[in-house]
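**Student:** take this sequence and fold it.
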Amino acid sequence: MTLRLLPLLLVLALLTLLAAPRPAASQALRQEEPTSPVTPEAQRQIWLPLVRSAAYEVLPGLTIFGAQIEEFSSARGLTEARELGMTWMRRGVFRWRLVQAEENGPYDWSAFEGLERELEVASQHGVTPIIIMSGAPRWATTFPSDCAPIKPEYRDDFARFAVAMVARYSVPPYNVKFWEIGNEPDVDPGLAPIDSGFGCWGDVNDSEFYGGESYGELLRVAYPAIKAADPQAQVLFGGLLLNTPGSSSDRGSPERFFRGALEAMKDDPELSFDILSFHAYRFAFSSSAFDSLGGFLLGKSEFLRRELALYGRTPPPMINTETALLCVRPDEECRERQAAFTARIYIETHIDGLLGSLWYLIDNDHFYNSALINPITREPRPAYRTYRATVEMIGRAQYLGKLAGQARAVQGYRFSRGAQTLVVVWSDQNTTASVPIPAGTRVSCLTRDGLPFECPLIGGNVVPAVSVSPIYLLFEKVD
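**Tutor:** Got it, this is the predicted structure:
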């Protein structure tokens, strides 16, 4: 439901993406999973990112691990998600138009009966749902679609709907605390199918802010109302598509959308959202428009921090609510590359202090074959096994800093795991790393899936071959 056909024109990319079908859930039986070095005890640990926020006062057991899910049910991957150690689960879209079809009409919650049952299941499984509020009725939009900006005179109506949602679903048995206002709002409604469920606040005719100022004004109305209804509620800025950091297209400048929202709030003492959400995808075997800023994940968070700095704002907590490495051709080579980037995405999430990254999707291949498990056979794919090992390797680790003394092509990071020091390295070139072995320690070398392998020791250094797939070096003191 997102993204970023990097060298192609933005319009064509969006049309291809937004038109993607959503297959029905498979009824196939789940297959036996392969062995994994991750223990059940490790999965029950609590892992926190570097940046603290009110989110962790609301739910202290959150981790950086999560996914978008098609349905809160074991049939659609909820059991596998919990086995992987995921805590965040994003589900969309709760459409306003289904509850209040007529202007000034009463709220009819019957359309949400199935979703309500799902939320009960999510709460019983101990996952933290992020719920997307969007889908405005025709009488409230500037464009004949629920994927469109809300007219200024109906912002209060949306705020009342949001308050009703929060009042209904923030309490048992649903227990929702995280509310995302729209999805990919930096999309012009003319570029999306009618009633697509996207945020679609973009405006190609707004050369200054691409419609972001209007979205910011909506947040200024809805945010205080939501916080008054539930002081523990956490409001997410709608996950930004953010296709490129700079646009020369004659179709406007969507990268300026977030700046427009900041412009709307420039005289306010605080931002009208708690958490800044963005999406980070890349096609396998391609580059990213954000490479010069640090890559498709770190580059986007850096871009957003620079935008905030223009307005003198301290960066709020950030979360990557949709992410995956995408496979146009789902062959073995691409699946292996996808698994390698699974580890890299979560390592970068950890070192950047993000609240989390949510893989898109668990068991649906409609968006460029990104499912962690085979939708038909339920067999775990390479990315699934790597995901599980990544939770084990870095989940309880504390980030220490970059690994110094390496060739320019080598990326390396250091973590503390209690008495152990963990080093993770990779490179987009086939090369070697050279890491000193401290006196009185021994080193173990592990693959991205946490499996041991032998690596050479030369002159007091461990000198492993490195490539696109991360490897781990685990240093332990010798008694």
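
**Student:** please name the residues that touch the residue nearest the centre of the chain.
**Tutor:** Residue closest to the average C-alpha location in the chain (Cα atoms, centre = their mean): residue 321, at 2.4 Å. Residues counted as contacts of residue 321 (Cβ atoms under 8 Å, 6 or more residues apart in numbering) are 68, 90, 130, 180, 236, 239, 277, 278, 279, 358. To be clear about C-beta, it is placed using only N, CA and C from the backbone, and glycine gets the same treatment.

**Student:** can I get the strand or helix carrying the third one as PDB, trimmed to CA atoms?
**Tutor:** Going back to what we said before, that points to residue 130. Assessed by DSSP states H and E, residue 130 sits inside strand 128-134. C-alpha atoms of strand 128-134 as PDB (Å, rounded to 0.1, in the frame of the first residue of the first chain):
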ATOM      1  CA  THR A 128       0.200  -3.000  20.900                       C
ATOM      2  CA  PRO A 129      -2.100  -1.900  18.000                       C
ATOM      3  CA  ILE A 130      -1.600   1.300  16.000                       C
ATOM      4  CA  ILE A 131      -5.000   2.200  14.600                       C
ATOM      5  CA  ILE A 132      -5.300   4.500  11.500                       C
ATOM      6  CA  MET A 133      -8.100   6.900  11.600                       C
ATOM      7  CA  SER A 134      -9.000   8.100   8.100                       C
END
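
**Student:** please identify which of the contacts of residue 321 is nearest to residue 373.
**Tutor:** residue 68 (13.8 Å; Cβ to Cβ).

**Student:** re the thing from before, mind listing what's buried along the strand holding residue 130?
**Tutor:** The neighbour-count criterion (16 or more other Cβ atoms under 10 Å) identifies 128, 129, 130, 131, 132, 133, 134 as the buried residues of strand 128-134.

**Student:** mind listing the helices for this protein?
**Tutor:** With DSSP state H, the ranges of helices along the chain come out as 10-18, 40-43, 54-58, 78-83, 96-99, 113-124, 155-169, 212-229, 257-264, 298-310, 332-351, 382-394.

**Student:** alpha carbons of the fourth one, in CSV - could you do that?
**Tutor:** Pointing back at helix 78-83 there. Taking Å, rounded to 0.1, in the frame of the first residue of the first chain, the C-alpha atoms of helix 78-83 are listed here in CSV:
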residue,chain,number,x,y,z
LEU,A,78,-0.6,-13.0,14.9
THR,A,79,0.8,-16.2,16.4
GLU,A,80,3.9,-15.9,14.3
ALA,A,81,4.3,-12.3,15.2
ARG,A,82,4.3,-13.0,18.9
GLU,A,83,6.7,-15.9,18.4
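
**Student:** chain center to that helix, what's the gap?
**Tutor:** When C-alpha coordinates are averaged (Cα atoms, centre = their mean, to the nearest Å), helix 78-83 and its chain have centres 17 Å apart.

**Student:** and what of the last one?
**Tutor:** Per Cα atoms, centre = their mean, the displacement of helix 382-394 from the mean C-alpha position of its chain is 16 Å.

**Student:** quick one: that helix to helix 332-351, angle?
**Tutor:** 30 degrees (axes from the mean of the first three to the mean of the last three Cα atoms, to 10 degrees).

**Student:** tell me what helix 382-394 is packed against?
**Tutor:** helix 40-43, helix 332-351, strand 420-427 (3 or more Cβ pairs under 8 Å, 6 or more residues apart in numbering; DSSP states H and E).

**Student:** and those, which one averages the lowest pLDDT?
**Tutor:** Note on the helices and strands packed on helix 382-394: helix 40-43 shows the lowest mean pLDDT, a mean of 31.

**Student:** quickly list the domain ranges of the chain.
**Tutor:** Following automatic domain parsing, one gets these domains for the chain: 10-396, 401-477.

**Student:** worst average pLDDT in these?
**Tutor:** domain 10-396 (a mean of 88).

**Student:** and stretch 307-322, end to end?
**Tutor:** For stretch 307-322, the first-to-last residue distance is 21 Å (Cα to Cα, to the nearest Å).

**Student:** mind listing what's buried along that stretch?
**Tutor:** Quick answer for stretch 307-322 (16+ other Cβ under 10 Å): 307, 308, 315, 316, 317, 318, 319, 320, 321, 322.

**Student:** my guess is the fifth one contacts residue 305, does it?
**Tutor:** Read that as residue 317. No - contact criterion Cβ atoms under 8 Å: residue 317 and residue 305 do not qualify, at 12.0 Å.

**Student:** what bridges to residue 325?
**Tutor:** Beta bridges link residue 325 to residue 282, judged by DSSP bridges.

**Student:** and it, what does it touch?
**Tutor:** 281, 282, 283, 284, 337, 338, 341, 342, 345, 370, 383.

**Student:** give the buried residues for stretch 224-239.
**Tutor:** So stretch 224-239, judged by 16+ other Cβ under 10 Å, has buried residues 225, 226, 227, 229, 230, 233, 234, 235, 236, 237, 238, 239.

**Student:** please apply the same query to stretch 452-460.
**Tutor:** Neighbour-count burial for stretch 452-460 [16+ other Cβ under 10 Å]: residue 455.

**Student:** buried deepest among the domains of the chain, which one?
**Tutor:** Stretch with highest mean neighbour count among the domains of the chain: domain 10-396 (a mean of 20; mean count of other Cβ atoms under 10 Å).

**Student:** report the distance from that domain to the chain centre.
**Tutor:** Distance of domain 10-396 from the chain centroid (Cα atoms, centre = their mean) equals 6 Å.

**Student:** excluding chain neighbours, what is closest to residue 62?
**Tutor:** Excluding its sequence neighbours, the residue lying closest to residue 62 (Cβ to Cβ, 6 or more residues apart in numbering) is residue 87, at 5.3 Å.

**Student:** in contact with the one you found, which residues?
**Tutor:** Counting by Cβ under 8 Å, 6+ apart, residue 87 touches 61, 62, 63, 65, 66, 126, 127, 128, 356.
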